[in-house]
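J.: starting from these lines, generate the structure:
(one chain, ligands or ions: 1)
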Amino acid sequence: MDATKELQVLAHVQAVSLHFLAWRGELSSLVTLICFSMKPEAPPPSEIERFLRRESTMEILAQRYEVALWRDTRKQYHLVSLTVPNDIAKVRRRLNEKPASCSQCSWCWQDAGKLADIELIPERSLDGNIVPSRYLHPQCQRPWLQMRAMLAREGESKGTSKNLDVPADR
Ligand SMILES: [Zn+2]
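T.: Just a heads-up that it's a prediction; the model follows:
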């Protein structure tokens, strides 16, 4: 694949991530989705697969396309959009939503099940304390912290120190 084709594939990986928001499965299934998105422009599936397996591709996706792609301990692939909503009301809602289980990531809501201890990390508050019942994939931490920063700025501009409506049970 030449550089132009690689850029096309990256753009379609981003489009697929925005469509599904949080996807998990075999790499071959992801390649099928990308081929479907690219239609006749798609390079051979084996080339897409080889390209997506590369560590450097995953880094470019995270840094320039707001997309996290990684392989977990069960050898399944995760494709998660890291795009933060630009509406402060949506940001507030997302920060207040809490997954039903502690084995779910607070950003992508995927359930790590029994592997939660290995795959998720606890959220930490600004003073470094662990936030109860809040866990994140390391890959999902950046958008979460961006949302927290957005809400904190919003709080400052309104002159209030109360940034989060924390439910009484936490
Ligand atoms: Zn996640």
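J.: drop to CA atoms for contacts and neighbour counts, all remaining ones
T.: Will do.
J.: assign residue 43 to helix, strand or coil.
T.: coil (DSSP: H, G, I helix; E, B strand; the rest coil).
J.: now for it: which residues touch it?
T.: By CA atoms under 8 Å, 6 or more residues apart in numbering, the residues touching residue 43 are 1, 5, 35.
J.: next step: those residues restricted to strands.
T.: Judged by DSSP state E, strands contain none of the contacts of residue 43.
J.: pick out the lowest-pLDDT one from those residues.
T.: Minimum pLDDT for these is recorded at residue 1 (91).
J.: which element is the closest residue to that residue other than its chain neighbours on?
T.: Nearest non-adjacent residue to residue 1, counting by CA to CA, 6 or more residues apart in numbering: residue 47, 7.0 Å away. Following DSSP states H and E, one finds residue 47 within helix 45-53.
J.: now what about that helix, what contacts it?
T.: Contacts of helix 45-53 (CA under 8 Å, 6+ apart): 1, 9, 27, 28, 31, 32, 35, 57, 58.
J.: next up, the contacts around the nearest residue to residue 83 once chain neighbours are set aside.
T.: Nearest residue to residue 83 in three dimensions, chain neighbours excluded: residue 66, at 5.7 Å (CA to CA, 6+ apart). With contact taken as CA under 8 Å, 6+ apart, residue 66 is in contact with 14, 81, 82, 83.
J.: swap in residue 103?
T.: Residue 103 is in contact with 111, 112, 113, 114, 115, 116, 120, 135, counting by CA under 8 Å, 6+ apart.
J.: drop anything exposed from those.
T.: The neighbour-count criterion (16 or more other CA atoms under 10 Å) marks 111, 112, 116, 120, 135 among the contacts of residue 103 as buried.
J.: quick check: residues of the chain near the ion?
T.: Proximity of the chain to the ion, by CA under 5 Å from the ion, involves residues 105, 108, 137, 140.
J.: of these, which is the most crowded?
T.: The most crowded member of the residues of the chain next to the ion, judged by other CA atoms under 10 Å, is residue 105 (25 neighbours).
J.: quick one: that one and residue 139 touch, right?
T.: No: in this structure residue 105 lies outside contact range of residue 139 using CA atoms under 8 Å: 10.3 Å.
J.: brilliant, that's me finished.
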